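Peer 1: Curious how this folds, go ahead:
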Amino acid sequence: MSLKFDIQPSSKATPEKERAAKLVDPGFGRVFTDHMAIVRYNQGKGWHGARIEARSHFPLDPALAVLHYAQEIFEGLKAYKRDDGGVNLFRPDANARRFWNSAERMAMAPLPEHVFIEAVEQLVRIDRAWIPGGEGSLYLRPFMIASEVFLGVKPSSEYVFTVIASPVGSYFKGGPAPVSIWVSENYTRAAIGGTGAVKCGGNYAASLRAQAEAIEHGCDQVVFLDAVERRYIEELGGMNVFFVFADGSLATPPLGTILPGITRDSIIALAKDAGRPVREEPYTVEQWRADAASGKLKEAFACGTAAVISPIGQVRSASGDFLIGGGAAGPVATGLRKQLVDIQYGRTNDPHNWIRKVL
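Peer 2: As a prediction, this is how the structure comes out:
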């Protein structure tokens, strides 16, 4: 299937002075660019109507399928400005594959990977002036919703795929600070056979009460345990987790009920490049506590697109609290983060050909 995007520049693009003011300190996910990509699907036509157009509101019928049965998936990736003025995307093919897999699991129409990538690239090209300099980037949010108007429990016969973009500053001011984690003993994120490995809105909605509980206990983030034994570490509310041991090895929970993070996969590859053994295996909260106390565990960190790597300094729970590595950011997490960020911005070698140059 071949789709040609119809490029329709906005007639009301943000003036340069106003755009520059918004880019001074854009925060995260509060400022948006002038355009969006959009492609539509129905069973009769398949995917059609690919366009780049002015960012605008969706007309929402009260019986729109997504509002009632939550057929919705999304992705998150970034565009980075190189020192030479060009623009990089980091592993958009991996996001496209995961988007396809998410659609399959949610009984939605899978979007061809090349259409996903073309939509992202076209939006970056037309809104390249919105990419901040320095450690900033352009956060890209591809998503798809069920758009058939009906009431009835069945897969929708119509979908809308859209990409919007938001300039974001550095996630951390002055370097990544260690975060505190609350162990959720009352709520679980996903079970075997569920949608834990899918990037769908429902997974994140289900995590919000547990995240609120973490904040109530003075923590930055929540970490979930498995839904069966309530012992095994799975992932944070929106990030994967790694453990670094005294022998130099790393461990991370196995896939199945957790999101197959692209940052997670990249960290595994870079650690192995450096000769560090990486195990994907179950790890209990009791063992986490014991290993931190004995010194066997030296570091723990969370990872994801937005923050890249966040060191974990303290773990809190109803059963008691403990520190990791004295509560400070460790050298392994710090080193991996720098290596990954340098690849994303084109400052160093890209040994796995992860970078796709858009401009």
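Peer 1: Regarding the protein, what is its longest helix?
Peer 2: helix 201-216 (DSSP state H).
Peer 1: Run through who's touching it.
Peer 2: 70, 72-74, 181-182, 184, 186-187, 189-190, 195-196, 220-222, 224, 237-238, 259 (C-beta atoms under 8 Å, 6 or more residues apart in numbering). All C-beta spots, glycine's among them, are computed from the backbone N, C-alpha and C.
Peer 1: and what of stretch 342-359?
Peer 2: Against stretch 342-359 from outside (C-beta under 8 Å, 6+ apart): 78-84, 86-93, 117, 121, 124-125, 128, 137, 266, 269, 273, 339.
Peer 1: Mind checking which of those land in helices?
Peer 2: 92-93, 117, 121, 124-125, 266, 269, 273, 339.
Peer 1: A ChimeraX selection for the residues you listed, restricted to the buried ones, would help me check which they are.
Peer 2: Here is the ChimeraX command that selects the buried residues among these (16 or more other C-beta atoms under 10 Å):
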select :92,117,121,124,266,339
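Peer 1: could you dump the ones in helices among the contacts of stretch 342-359 to CSV with pLDDT?
Peer 2: Converted to CSV, the ones in helices among the contacts of stretch 342-359 look like this (pLDDT from 0 to 100):
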residue, pLDDT
92, 98
93, 98
117, 98
121, 98
124, 98
125, 98
266, 98
269, 98
273, 98
339, 97
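Peer 1: Could you work out the most separated pair of the ones in helices among the contacts of stretch 342-359?
Peer 2: Spatial extent of the ones in helices among the contacts of stretch 342-359 (C-beta to C-beta) is set by the pair 125 and 273 at 31.8 Å.
Peer 1: Low-confidence regions, the protein specifically.
Peer 2: In the predicted model of the chain, residues 1, 171-175 satisfy pLDDT under 70.
Peer 1: The same query, at a cut-off of 80, please.
Peer 2: 1-2, 170-176 (pLDDT under 80).
Peer 1: in it, which spans are helices?
Peer 2: Counting by DSSP H, the helices of the chain are 16-23, 65-69, 92-105, 113-126, 201-216, 262-273, 285-294, 331-344.
Peer 1: Just tell me which of those ends up closest to residue 33.
Peer 2: Nearest of those (C-beta to C-beta): helix 113-126, 7.7 Å.
Peer 1: residues of that closest one that come out buried?
Peer 2: Neighbour counts over helix 113-126 (16+ other C-beta under 10 Å) mark 113, 115-124, 126 as buried.
Peer 1: Next, the buried residues of the longest helix of the chain.
Peer 2: Neighbour-count burial for helix 201-216 [16+ other C-beta under 10 Å]: 201, 203, 206-207, 210-211, 213-214.
Peer 1: Just the strands from the stretch 1-150 of the chain, written as ranges.
Peer 2: Secondary structure of the stretch 1-150 of the chain, counting by DSSP state E, counting those that start in this stretch: strands at 6-7, 35-42, 46-54, 72-74, 77-81, 87-90, 137-146.
Peer 1: Tabulate the helices of the chain (TSV), appending distance to residue 252.
Peer 2: Shown next, in TSV, are the helices of the chain (distance: least, C-beta to C-beta, whole Å):
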stretch	distance to residue 252
helix 16-23	35
helix 65-69	32
helix 92-105	17
helix 113-126	26
helix 201-216	18
helix 262-273	7
helix 285-294	13
helix 331-344	12
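Peer 1: of all these, which lies closest to residue 303?
Peer 2: When the helices of the chain are compared by C-beta to C-beta, helix 262-273 sits nearest residue 303, at 4.5 Å.
Peer 1: Now do the closest one: which elements does it pack against?
Peer 2: If contacts are counted by 3 or more C-beta pairs under 8 Å, 6 or more residues apart in numbering; DSSP states H and E, helix 262-273 sits against helix 92-105, strand 240-245, strand 250-252, strand 278-280, strand 297-304, strand 308-316, helix 331-344.
Peer 1: what does the first one rub up against?
Peer 2: Which is helix 92-105. By C-beta under 8 Å, 6+ apart, helix 92-105 touches 73, 75-77, 108-114, 116-117, 120-121, 142, 144, 195, 197-200, 260, 262, 265, 356.
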